[in-house]
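[1] Build me a model from this:
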Amino acid sequence: MTSDDLKVQHKIQEAIRYVLQPSSGDNFLIINRNSDHLSALTENAAKTLKLNAETFSLNKQGPYDRFPSELKENILSRKYPRAIGLFTYPEGTDWGQKETPARVDLLYEAIKKTPMGYLHAPGINSDMILNGPGRVNFKEMITDAEKMLETLKGVKTVQIKAPAGTDIEIEIPSELIWETDCIVVPPDPYGDPGIFGNFVPGEVCIERRRKVSVAGREVKYPIKLIANGTIVCDVCADNINKLVDPAKPITISFKDGVLTDYRSPDEAFQVLHEEWKQREAEYGLPTVMEELGIGINDKARRTPEMLEAEKMDGTAHAAAAHVNSHADFLVDRPTVTVIYEDKSKKTIMKDGVLKLN
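    Numbering: from 1, shown residues only. Sure, this is the predicted structure:
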């Protein structure tokens, strides 16, 4: 094992210890999707923590529509109190985007239904852990996350403005609760048995889906955030492996939480809009704002990989979403002001600098 491998293994061990907080002797499941090397290091890390680690490998040479029933059955068996899913996709393919429905199904129809804490890592690689957000001090970040959650209690409205042109006000439905992927210990804040968060972690966010019936089918559809205004994305967007040219930003507008406009001079990002139009036609439902998030990981980097970029401190992100579709849009150096139920205000981020005290 190389010195870099040892460093990666140590940071994975820290993440499991502080974020998942397992008990000695717990069974620990590793889902391996083209991540053989990372999975082996994760298994070593888990065993060092005296966990009983097992690996389930997904070997299909192409994107899954749904993952094997055996995997869901293993999760629903309640054998594994903690788990991690490592999903690496071949460069130059659209496997990650096409496999989104399978991952969403796994999260909501398996993970959420069993008392499991699960770290979800679509797009993970060793570089993220060795040179990027994995270098964070997990204990300090968890403290920051807890401060943020305390500050956000009772928030009714969030206002975001940023230099590139973002200007939006978002009303938070009373049924939604702020969460963090820095602490992934079941149950989830809504009382579901299972909880999941991203690996590598580093955000505080709010989002949730509910079941709706469409043409006799039951599907998961976002609870919309009541957003009015415009997001100007000047860093990166989900599922497109390139940075946004600041001179050619993505502009998305919302009215009462519904997407009303999508513009990008870069054709590479038009695929997102086309996907939503297809889903709108299929389900007869609008595309809505599903998530609002704030990055707090001071080791995350400016990268086209949203799994990492959305964790950058000094950024905020919002997601437009539909059935089996979710795309985050990252905003650099925002000023974020929250308004509480008693009408008092607090600026929690000023020009990309967090104000936690």
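[2] CA atoms for contacts and neighbours, from now on please.
    OK.
[3] what ranges do the strands span in the stretch 1-150 of the chain?
    27-33, 52-58, 82-87, 117-122 (DSSP state E, counting those that start in this stretch).
[4] The second one: partners in the sheet, and parallel or antiparallel?
    If I follow you right, that is strand 52-58. strand 27-33 (parallel) (DSSP bridges).
[5] hang on, the earlier thing: would you turn the strands of the stretch 1-150 of the chain into CSV with distance to residue 4, mean pLDDT and mean neighbour count?
    Listed next are the strands of the stretch 1-150 of the chain as CSV, based on distance: least, CA to CA, whole Å; pLDDT from 0 to 100; neighbours: other CA atoms under 10 Å:
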stretch, distance to residue 4, mean pLDDT, mean neighbour count
strand 27-33, 20, 98, 22
strand 52-58, 22, 97, 17
strand 82-87, 18, 97, 25
strand 117-122, 20, 96, 26
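[6] Any idea which of those gets closest to residue 104?
    Taking CA to CA, strand 117-122 is the member of those nearest to residue 104, at 10.7 Å.
[7] Let's check: the centremost residue of the chain is which one?
    residue 198 (5.4 Å; CA atoms, centre = their mean).
[8] now the strands: where do they sit in the stretch 151-300 of the chain?
    Assigned by DSSP E, counting those that start in this stretch, the strands in the stretch 151-300 of the chain fall at 155-161, 167-171, 179-180, 195-198, 203-206, 209-214, 217-222, 226-233, 250-255, 258-263, 288-295.
[9] Let me have these in CSV, extended by mean pLDDT and distance to residue 86.
    Output for those, formatted as CSV (pLDDT from 0 to 100; distance: least, CA to CA, whole Å):
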stretch, mean pLDDT, distance to residue 86
strand 155-161, 98, 33
strand 167-171, 98, 33
strand 179-180, 96, 19
strand 195-198, 95, 10
strand 203-206, 97, 19
strand 209-214, 91, 23
strand 217-222, 91, 24
strand 226-233, 98, 27
strand 250-255, 97, 29
strand 258-263, 96, 32
strand 288-295, 98, 21
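[10] Please name whichever of the ones you listed is nearest to residue 275.
    Between these, strand 258-263 lies closest to residue 275; by CA to CA that is 12.1 Å.
[11] Which positions in the closest one come out as buried?
    Within strand 258-263, the residues that qualify as buried are 258-259, 262-263, counting by 16 or more other CA atoms under 10 Å.
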